[in-house]
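Enquirer: take this sequence and fold it.
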Amino acid sequence: MRDVRSADAERQFADSLDPKQYEIEVVHLGEAKDRIGEAEAAGVKSVPAFVIDGRPYHINFGADLSVLK
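Expert: Numbers count the residues shown, from 1 in each chain. Predicted coordinates:
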């Protein structure tokens, strides 16, 4: 089971990004498995992660992407 506080912190961080400066899209790869290849191409190795300006930032290791396939 996922720590709700962690999910809340991730959402709070995403919500704090300036949408005028960054295009913000939240993708749950467990629910959008068709986007895993896109995440891998962006350099995402585990979730949760953020991709900002084309660079992946891995936070609070939850699962390797291979687990989601």
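Enquirer: host element of the spatially most central residue of the chain?
Expert: By CA atoms, centre = their mean, the mean C-alpha position of the chain lies nearest to Ala49, the distance being 3.5 Å. Using DSSP states H and E, Ala49 falls within strand 46-52.
Enquirer: what does that strand contact?
Expert: Identification of contacts with strand 46-52 by CB atoms under 8 Å, 6 or more residues apart in numbering yields 6, 10, 13-14, 17, 22, 29-30, 39, 42-44, 56-65, 68. C-beta coordinates here come from the backbone N, C-alpha and C atoms, glycine included.
Enquirer: count the residues that sit near the closest residue to Ile59 other than its chain neighbours.
Expert: Spatial nearest neighbour of Ile59, excluding adjacent residues (CB to CB, 6 or more residues apart in numbering): Pro48 at 5.8 Å. The number of residues packed near Pro48 is 23, by other CB atoms under 10 Å.
Enquirer: tell me the spacing between Pro48 and Lys20.
Expert: Counting by CB to CB, to the nearest Å, the separation of Pro48 from Lys20 is 24 Å.
Enquirer: can you get me a residue count around Ala39?
Expert: 20.
Enquirer: my read: it touches Lys69, true?
Expert: No: using CB atoms under 8 Å, Ala39 makes no contact with Lys69, being 11.1 Å away.
Enquirer: state the next helix or strand along the chain beyond the strand holding Ala49.
Expert: Next helix or strand after strand 46-52 toward the C-terminus (DSSP H and E): strand 55-64.
Enquirer: ok, that following strand: who's next to it in the sheet?
Expert: Using DSSP bridges, strand 55-64 pairs in its sheet with strand 46-52 (antiparallel).
Enquirer: which SS class is Val26?
Expert: Using DSSP: H, G, I helix; E, B strand; the rest coil, the three-state assignment for Val26 comes out as coil.
Enquirer: so who does it touch?
Expert: Val26 makes contact with 11, 14, according to CB under 8 Å, 6+ apart.
Enquirer: for it, give me the pLDDT.
Expert: Here, the pLDDT recorded for Val26 equals 89.
Enquirer: for Ile52, see how far away it is.
Expert: Counting by CB to CB, the gap from Val26 to Ile52 is 13 Å.
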